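Enquirer: pasting a predicted model and its sequence here:
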Amino acid sequence: MKRIYYVFALLFFSLNLLGQAKKPELMVVPSLPWCNEKGYVFERTTELGSETLPDYKRALAQDKDLMNVISKIGILMADKGFPLKDLSASIKNMEMINARNAMTLSKNSGAVLTETALDILKRTAKCDIILEVDWSVNVLGPKKSVTYNLRGIDAYTNMQIAGAQGTGQPSFSAEIPVLVEEAILINMDNFTSQLQGHFDNLFENGREVSIDINVFDTGAGVDLETEYGENELIDVIEEWLEKHCVKGRFLKTEGSENFAMFNQVRIPMVNENGKAIDTEDFVKELRKMLRKPPYNLTCKVIPHGLGRCQLIIGDKSLLSRKSG
């Protein structure tokens, strides 16, 4: 009798866990084409030339339909059990963090100049998936309908992992946000299934990120070919990655004695304590190892968005002078 009780208890516990599968955190943003069409963009000049970037803050402040559409999509996703990060609140947090760290970033790394507004926003909000939405209004006599496009973008790789598009039923009186909501509802189940499938795959195979390793000449004669016992420094780093990446998966794409580039680095979603981690957290663990004997190396970790991180090996004071 006790054995039967334990079997049912175990079955109930397992079903309960399945019903509480972790959901990805989402954030809804307007697409760049939509922002460009509405004039909610700004130009930024970089070493590679000028680029057009979305001005989310102005779009939220000036476009009432956008706020309502984001709210409608948020309600739809919440009904499916997906937690959302608020775009407006994330922008405010981003501005406060940037204001506090602006001097440090520009002095030590110049990282603020290498990230787009969306990169910084994603790093601040730390969401898993970005939902990009745009829509257009079709006028059919006295009726209106909405054609929409909704894309799920992995916040770390910028790759599309889900999509839905279509045109809703014409209406005499419905407002734009309601028309968007009704149009999206038709494909909602398939769309959310794609999102969850991608997230489940990340837990099984790890999150895909990129890591850059750079060595500054500090006069100490240390580079990636410096030998520690039978291994060069680059071998030490690769052995650490093989041990800590999910299923030991990573790809070294380029390298020399002064730099190495690793792509398709599969990092775990959570650490040993069950806490969610990102690329910066993962690379900081590598830094901890390199700071200890026999290496005793001074290292600096510089995030570039959520999915890319740079580990610079070298003296911090020299780093500041070189990058400032």
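Expert: Yes, it's here.

Enquirer: where does Val28 sit, in terms of helix or strand?
Expert: strand 26-30 (DSSP states H and E).

Enquirer: list the buried ones in the following helix or strand past that strand?
Expert: As assigned by DSSP H and E, the chain's next helix or strand after strand 26-30 is helix 32-38. Counting neighbours by 16 or more other C-beta atoms under 10 Å, one finds that the buried residues in helix 32-38 are 32, 34-35, 38. Using the backbone N, CA and C atoms, a C-beta is placed for each residue, glycine as well.

Enquirer: what do you get for stretch 141-155?
Expert: When burial is assessed from 16+ other C-beta under 10 Å, stretch 141-155 yields the following buried residues: 144-155.

Enquirer: which of the residues you listed sits closest to Trp135?
Expert: Tyr148 (4.2 Å; C-beta to C-beta).

Enquirer: ok, and the closest non-adjacent residue to the closest one?
Expert: Trp135 (4.2 Å; C-beta to C-beta, 6 or more residues apart in numbering).

Enquirer: I'd say that neighbour and Val180 touch.
Expert: Yes - between Trp135 and Val180 there is a contact at 5.4 Å, judged by C-beta atoms under 8 Å.

Enquirer: what sits in contact with each of these two?
Expert: Counting by C-beta atoms under 8 Å, 6 or more residues apart in numbering, the contacts common to Trp135 and Val180 are 69, 146, 148.

Enquirer: who touches the strand holding Val28?
Expert: 40, 54, 56, 59, 66, 70, 73-74, 77, 82-87, 90, 118, 121-122, 125, 127-134, 155, 195.

Enquirer: quick one: which of the buried residues of helix 32-38 is nearest to Phe199?
Expert: Leu32 (24.2 Å).

Enquirer: which secondary structure state is assigned to the closest residue to Ile161 other than its chain neighbours?
Expert: What sits nearest to Ile161 in space, not counting adjacent residues and going by C-beta to C-beta, 6+ apart, is His198, at 4.2 Å. Secondary structure assignment for His198 (DSSP: H, G, I helix; E, B strand; the rest coil): helix.

Enquirer: who are the contact partners of His198?
Expert: His198 sits in contact with 24, 129, 152, 154, 161-162, where contact means C-beta under 8 Å, 6+ apart.

Enquirer: picking that back up, wait, a strand at the residue nearest to Tyr148?
Expert: Yes - under three-state DSSP, Trp135 sits within a strand.

Enquirer: distance of it from Phe191?
Expert: Distance, Trp135 to Phe191, using C-beta to C-beta, to the nearest Å: 15 Å.

Enquirer: those two: which has the busier surroundings?
Expert: Ranked by neighbour count (other C-beta atoms under 10 Å), Trp135 and Phe191 place Trp135 first, with 25 against 22.

Enquirer: tell me the pLDDT at that one?
Expert: Trp135 is assigned 95 on the pLDDT scale.

Enquirer: cool, Ile302 as well?
Expert: Note for Ile302: predicted pLDDT of 91.

Enquirer: let's have the chain start at 533 instead
Expert: Fine by me, first position is 533 from now on; the one you just mentioned is Ile834.

Enquirer: give me the neighbour count for Thr584.
Expert: 12.

Enquirer: make that Ala696, sorry
Expert: Ala696: 21 surrounding residues under other C-beta under 10 Å.

Enquirer: same check, this time on Thr689
Expert: Neighbour number of Thr689 under other C-beta under 10 Å is 17.

Enquirer: surely it meets Gly738?
Expert: No - counting by C-beta under 8 Å, Gly738 is not a contact partner of Thr689; they are 12.0 Å apart.

Enquirer: low-confidence regions, the stretch 683-832 of the chain specifically.
Expert: Within the stretch 683-832 of the chain, the ranges that satisfy pLDDT under 70 run 749-752.

Enquirer: do you have the helices of it handy? List them.
Expert: 708-717, 720-737, 765-776, 811-823 (DSSP state H, counting those that start in this stretch).

Enquirer: looking at the ones you listed, which is nearest to Phe791?
Expert: helix 765-776 (10.0 Å).

Enquirer: hmm, who's touching the closest one?
Expert: Outside of helix 765-776, the residues within contact range by C-beta under 8 Å, 6+ apart are 743, 745, 754-760, 763, 780, 782, 784, 787, 792, 794, 797, 799-800, 814, 817-818, 821-822, 827.

Enquirer: the same query, at a cut-off of 7 Å, please.
Expert: For helix 765-776, contacts defined as C-beta atoms under 7 Å, 6 or more residues apart in numbering pick out 745, 756-758, 760, 780, 782, 787, 792, 794, 797, 817-818, 821.
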